[in-house]
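Student: My questions concern the predicted model and sequence given below.
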Amino acid sequence: MNELYGVSAGNFQPTLSGWLELIHPADRDGARAAMTAAMRERKPLRTQYRAVRPDGSIAHLESVAAVVGDPAGEGVRMVGIDLDVTERVAAQRREDVLQQQLRDASRQAGMADVATSVLHNVGNVLNSVNVSANLVADSLKRSRAAGLTRVVALLEEHQGDLGSFVAHDARGKVLPVYLAELSRHLSADNSNALQELDALRGNIDHIKDIVSMQQRYAKLGGAAEPIDVGRLVEESLRINASAFERHAIEVVRRFADVPQITVDKHKVLQILVNLLRNAKDACDAAGEREGRVTLSVGRCATGVRVAVADNGVGIAAEYMSRIFTHGFTTKKTGHGFGLHSGALAAREMGGVLRVESPGLGCGATFVVELPLGPPGNAHA
């Protein structure tokens, strides 16, 4: 009682009114109605409510109980357990909020490449969320609480000679041991469920981080602002992190100290995310070779240079002049929009996007060069 309601067993009145006194005022009517209906219909009780502890804290609890009847068939009392489901309720609420944030982020996002990568990452984490949720659900379905029904049946059958039944009947003698074992099993089930809920909470926090990053950039666009190039490259890597991990692609960083540049962060991020995704695809297409992508940041004659190099399938010489043409693609499922829009975005910022490749089987390097400031004062 102390763990769940914050009161000692000695201070608890084992009556309906005593129980209701511990429940949040807003939930009392519902709890009373649920218990009254269970007693009247002699059906198992399963209800959730909030309890107000003496220190003012709120606990979300779930009562699971069975009705004990008298010889006339009237319910006289209930036997059951109370579970603390505060974490489960909080996790569900967080998931509901995050689902809404995901919907809002999707409406706000103007970057197709970034949004797609974010959804891939969220989808991967949601797989883990789904596994944890299913494990908790399966645990509840397999709950040994059903054993209470059998105990209640025995108690009802022998309520007139309960002492003699427990003392002399073979079935009655094992009741204390059975109840102790049942208690241990229920405690273990509860512990396992809490572990899965902890994992669920961690994965939901991960989704929250992904969504927060998407929301930050979904609100950007159009305005030039000072940016840290290395930090933005790291952000683009985080957006693609799930895909890189899934395909076991090694990432090598070669970052030099460079000054901040004043550009449209939205456009630069779109370019980098697309280049990283293309690099991942190129490594996959290379077959058995271990994929590796090298990211370099340094100075160039006009400002700052970012290079994305892969050891993937490479680009045939006859395709080099067409690689940035609208609609051109070497992928079976590609549309030929990403590199074309990236080249246009770089040009709009006063920069350039170009490619280098020794040929098929030799990998490729895409380089984006950007001025220190907007086109009007790029050399100021």
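Tutor: Noted; the coordinates are in hand. Note that the coordinates shown come from a computational prediction; the quantities given were computed from them, not determined experimentally.

Student: quick one, phi psi at Val258?
Tutor: Note on Val258: its backbone torsions stand at phi -130, psi 160 [degrees, to the nearest 10].

Student: For the stretch 151-300 of the chain, which segments count as strands?
Tutor: Under the criterion DSSP state E, counting those that start in this stretch, strands of the stretch 151-300 of the chain are mapped to 224-227, 250-255, 261-264, 292-300.

Student: how about the strands in the stretch 1-150 of the chain?
Tutor: Under the criterion DSSP E, counting those that start in this stretch, the stretch 1-150 of the chain carries strands at the ranges 45-52, 58-69, 75-84.

Student: Mind splitting this protein into its structural domains?
Tutor: Here the domain assignment for the chain is 1-84, 88-145+164-219, 222-377, based on automatic domain parsing.

Student: Among those domains, show me which one is buried the most.
Tutor: domain 222-377 (a mean of 18; mean count of other CB atoms under 10 Å). For glycine as for every other residue, the C-beta is placed from the backbone atoms N, C-alpha and C.

Student: now that domain: mean pLDDT?
Tutor: Domain 222-377 comes out with an average pLDDT of 87.

Student: which ones are touching the nearest residue to Leu175 once chain neighbours are set aside?
Tutor: Once flanking residues are discounted, Leu175 sits nearest to Val166: 6.0 Å by CB to CB, 6 or more residues apart in numbering. Taking CB atoms under 8 Å, 6 or more residues apart in numbering as the criterion, Val166 is in contact with Gly172, Lys173, Leu175, Pro176.

Student: Mind jotting down where the helices sit in this protein?
Tutor: For the chain, applying DSSP state H gives helices covering 2-5, 16-21, 25-41, 86-108, 112-141, 147-157, 162-168, 170-218, 229-246, 265-285, 338-348.

Student: now the strands of the stretch 1-150 of the chain in CSV, with distance to Val252?
Tutor: Shown next, in CSV, are those (distance: least, CB to CB, whole Å):
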stretch, distance to Val252
strand 45-52, 52
strand 58-69, 48
strand 75-84, 48
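
Student: nearest to Val367, of these?
Tutor: The closest of those to Val367 is strand 58-69. By CB to CB, the value is 55.3 Å.

Student: Output the contacting helices and strands for the closest one.
Tutor: Using 3 or more CB pairs under 8 Å, 6 or more residues apart in numbering; DSSP states H and E, the elements in contact with strand 58-69 are helix 2-5, helix 25-41, strand 45-52, strand 75-84, helix 86-108, helix 147-157.

Student: can I get those in CSV with mean pLDDT?
Tutor: CSV is the format used below for the helices and strands packed on strand 58-69 (pLDDT from 0 to 100):
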stretch, mean pLDDT
helix 2-5, 70
helix 25-41, 89
strand 45-52, 90
strand 75-84, 82
helix 86-108, 75
helix 147-157, 79
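
Student: so which of the ones you listed gets nearest Ala317?
Tutor: Nearest to Ala317, of all those, is helix 86-108, at 40.4 Å by CB to CB.

Student: picking up where we left off before, make CSV from the contacts of Val166 and add distance to Val273 and pLDDT to it.
Tutor: Below are the contacts of Val166 laid out as CSV (distance: CB to CB, whole Å; pLDDT from 0 to 100):
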residue, distance to Val273, pLDDT
Gly172, 69, 79
Lys173, 69, 82
Leu175, 64, 79
Pro176, 64, 82
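
Student: ok, so of the residues you listed, who is nearest Gly202?
Tutor: Gly202 lies nearest to Pro176 out of the contacts of Val166, by CB to CB, at 39.6 Å.

Student: tell me the contacts of the nearest residue to Leu372 once chain neighbours are set aside?
Tutor: Of all residues not flanking Leu372 in the chain, Gly303 sits nearest, at 4.5 Å (CB to CB, 6+ apart). Applying CB under 8 Å, 6+ apart to Gly303 gives the contacts Ile261, Gly351, Glu369, Leu370, Pro371, Leu372, Ala378.

Student: let's see 7 Å
Tutor: Gly303 makes contact with Ile261, Glu369, Leu370, Pro371, Leu372 under the criterion CB atoms under 7 Å, 6 or more residues apart in numbering.

Student: List the contacts of the third one.
Tutor: The contact partners of Leu370, by CB under 7 Å, 6+ apart, come to Ile261, Val263, Gly303, Val304, Met349, Gly351.

Student: and which of these is nearest to Gln159?
Tutor: Gln159 lies nearest to Val263 out of the contacts of Leu370, by CB to CB, at 81.0 Å.

Student: Okay, the residue nearest to that closest one when sequence neighbours are not counted and Leu370: tell me how far apart.
Tutor: Of all residues not flanking Val263 in the chain, Met349 sits nearest, at 5.0 Å (CB to CB, 6+ apart). Going from Met349 to Leu370 by CB to CB, to the nearest Å gives 6 Å.

Student: shared neighbours of the two, which are they?
Tutor: Common contacts of Met349 and Leu370, defined by CB under 7 Å, 6+ apart, comprise Val263.

Student: want to try JSON lines for the contacts of Leu370, with distance to Thr86 as columns?
Tutor: What follows is these, written out as JSON lines (distance: CB to CB, whole Å):
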{"residue": "Ile261", "distance to Thr86": "48"}
{"residue": "Val263", "distance to Thr86": "47"}
{"residue": "Gly303", "distance to Thr86": "54"}
{"residue": "Val304", "distance to Thr86": "50"}
{"residue": "Met349", "distance to Thr86": "50"}
{"residue": "Gly351", "distance to Thr86": "53"}
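
Student: Pairing partners for Arg354 in the sheet, please.
Tutor: Val367 (DSSP bridges).
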